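Colleague: A predicted structure for the sequence below; I have some questions about it.
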Amino acid sequence: MSGFVFDVESRVVYPVEARMDRLAKRPLGELHCHSRRSWVLDYSLADGAECRTEFTGWMARPTGIVHLYPPGRRYAERYCNISSNYCCYIKFRGENASLRRAVENSGGFARIVDDGRLAELIKRTVRFARQGNRGYYRCFAEFARIVELLEQLPPPAGADYQYRLSGTGIEPLGRRVRACLERDYRKTVTIAALAQELDCSVSTLSHRYRAECGESVFDTLLRIRAEQSVPLLMKHLPLKLIAEETGFRSEFYYSKVFKKCFGTSPVNYRKSVEAGK
């Protein structure tokens with residue numbers, strides 16, 4: 001008979017607390033943290049934070065970075081110029097050989113550059129934890145997915161306490177966003193609707209897209225609209241109609257964006273293309 005044989009000493013961990021805190025409620029300056037019995041998985045939803053452990057100096061803590069602290073690790077966080085953003089954290093107990101290896105380095109913790117999956121799983125875990133006993137099993141299910149990802153951490157990248165979680169079975173967010181924009185460029189597009197479709201927060205979508213693509217979502221949208229207008233422009237359609245067909249709110253705005261993308265006005269662009277034939 002086949003089945004599972006669990007190694008309790010190396011694999012069993014379970015959540016004991018999952019919360020999202022408003023940073024504005026924390027005093028500015030330095031916040032010392034120490035959990036004797038629990039691991040801490042911590043994710044900041046705000047830029048402007050710094051952190052250190054008892055073995056490291058202060059380092060920036062932007063969004064997209066997840067920290068894993070083992071039981072007993074002393075660390076500190078401080079937040080500056082933050083008014084209404086949040087951080088999420090999960091405390092859990094037990095032992096896991098893979099997680100233990102990840103924190104056995106000079107920093108005494110794991111600093112994980114996330115590709116978005118960990119952040120979303122952490123937030124879902126917190127959401128179900130808020131439901132109390134009613135949401136425990138769904139909370140545990142999301143937490144199990146977190147542990148599965150953490151067990152797949154590649155070797156450290158850069159400093160020996162930094163890891164990069166990416167490229168394992170999920171298409172990059174930037175590519176998925178662009179596919180949506182190319183599909184819906186004629187329509188009214190909002191970040192909120194994109195985030196809902198792609199199952200992530202507005203903040204995550206905006207920050208990760210800019211990090212991956214080097215520009216904002218709307219910069220890309222406007223460029224796609226300008227590019228899609230070229231075939232219509234070469235058919236000598238009126239600029240007002242082209243603007244309407246490609247999602248621009250006016251002929252003037254279309255011309256302004258087109259010039260920014262191509263370095264010349266739509267009419268001059270058409271003339272130069274035709275002259276080169």
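Modeller: Good, I have the coordinates. Residues are numbered from 1 along each chain as shown.
Colleague: Going by residue numbers, what spans are strands in this structure?
Modeller: Assigned strands in the chain, in chain order: 13-22, 29-34, 39-44, 49-53, 59-61, 65-69, 74-79, 86-94, 110-113, 162-164 (criterion: DSSP state E).
Colleague: List the buried residues of the fourth one.
Modeller: Going by neighbour count (16 or more other Cβ atoms under 10 Å), the buried part of strand 49-53 is 49-53. Bear in mind the C-beta positions are built from the backbone N, C-alpha and C, glycine included.
Colleague: Any regions of this structure where pLDDT drops low?
Modeller: Residue ranges of the chain with pLDDT under 70: 1-11, 20-35, 46-48, 79-86, 157-159, 166-171, 277.
Colleague: before we move on, the earlier item: any chance of a markdown table for the buried residues of strand 49-53, columns distance to residue 214?
Modeller: Listed next are these as a markdown table, based on distance: Cβ to Cβ, whole Å:
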| residue | distance to residue 214 |
| --- | --- |
| 49 | 24 |
| 50 | 25 |
| 51 | 27 |
| 52 | 30 |
| 53 | 32 |
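Colleague: Closest one of those residues to residue 113?
Modeller: Set against residue 113, the nearest of those by Cβ to Cβ is residue 51 (14.4 Å).
Colleague: Show me what whichever helix in the chain runs longest is in contact with.
Modeller: Across the chain, the longest stretch assigned as helix under DSSP state H is helix 217-233. By Cβ atoms under 8 Å, 6 or more residues apart in numbering, the residues outside helix 217-233 that reach it are 177-178, 181-182, 185, 189, 191, 194, 205-206, 209, 213, 241-243, 245-248, 254, 257-258, 260-262, 266, 269-270.
Colleague: For that helix, output the C-alpha coordinates as CSV.
Modeller: Output in CSV follows, covering the C-alpha atoms of helix 217-233 (Å, rounded to 0.1, in the frame of the first residue of the first chain):
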residue,chain,number,x,y,z
VAL,A,217,1.4,50.2,-16.8
PHE,A,218,-0.1,53.3,-18.3
ASP,A,219,3.1,54.2,-20.2
THR,A,220,2.9,50.8,-21.8
LEU,A,221,-0.8,51.1,-22.5
LEU,A,222,-0.3,54.5,-24.3
ARG,A,223,2.5,53.1,-26.3
ILE,A,224,0.5,50.1,-27.4
ARG,A,225,-2.4,52.4,-28.4
ALA,A,226,0.0,54.6,-30.4
GLU,A,227,1.5,51.5,-32.1
GLN,A,228,-1.9,50.1,-32.9
SER,A,229,-2.9,53.4,-34.5
VAL,A,230,-0.3,53.2,-37.3
PRO,A,231,-2.2,50.8,-39.6
LEU,A,232,-5.2,53.0,-39.3
LEU,A,233,-3.1,56.1,-39.9
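Colleague: Would you mark the buried spots in that helix?
Modeller: Quick answer for helix 217-233 (16+ other Cβ under 10 Å): 217, 219-226, 228-230, 232-233.
Colleague: so how far is it off the chain centroid?
Modeller: Computed by Cα atoms, centre = their mean, to the nearest Å, the separation of helix 217-233 from the middle of its chain amounts to 26 Å.
Colleague: repeat for stretch 214-233
Modeller: Per Cα atoms, centre = their mean, the displacement of stretch 214-233 from the mean C-alpha position of its chain is 24 Å.
Colleague: ditto for stretch 191-203
Modeller: Average the C-alpha atoms of stretch 191-203, do the same for its chain, and the two points are 11 Å apart (Cα atoms, centre = their mean).
Colleague: Tell me which residues of that stretch come out buried.
Modeller: Quick answer for stretch 191-203 (16+ other Cβ under 10 Å): 191, 194-195, 198, 200-201, 203.
Colleague: Endpoints of it, how far apart?
Modeller: End-to-end span of stretch 191-203 (Cα to Cα, to the nearest Å): 9 Å.
Colleague: Please produce a markdown table containing the buried residues of helix 217-233, extended by distance to residue 132.
Modeller: Converted to a markdown table, the buried residues of helix 217-233 look like this (distance: Cβ to Cβ, whole Å):
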| residue | distance to residue 132 |
| --- | --- |
| 217 | 36 |
| 219 | 43 |
| 220 | 42 |
| 221 | 41 |
| 222 | 46 |
| 223 | 47 |
| 224 | 45 |
| 225 | 47 |
| 226 | 51 |
| 228 | 50 |
| 229 | 53 |
| 230 | 56 |
| 232 | 56 |
| 233 | 59 |
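Colleague: Having no further points to raise, I will conclude here.
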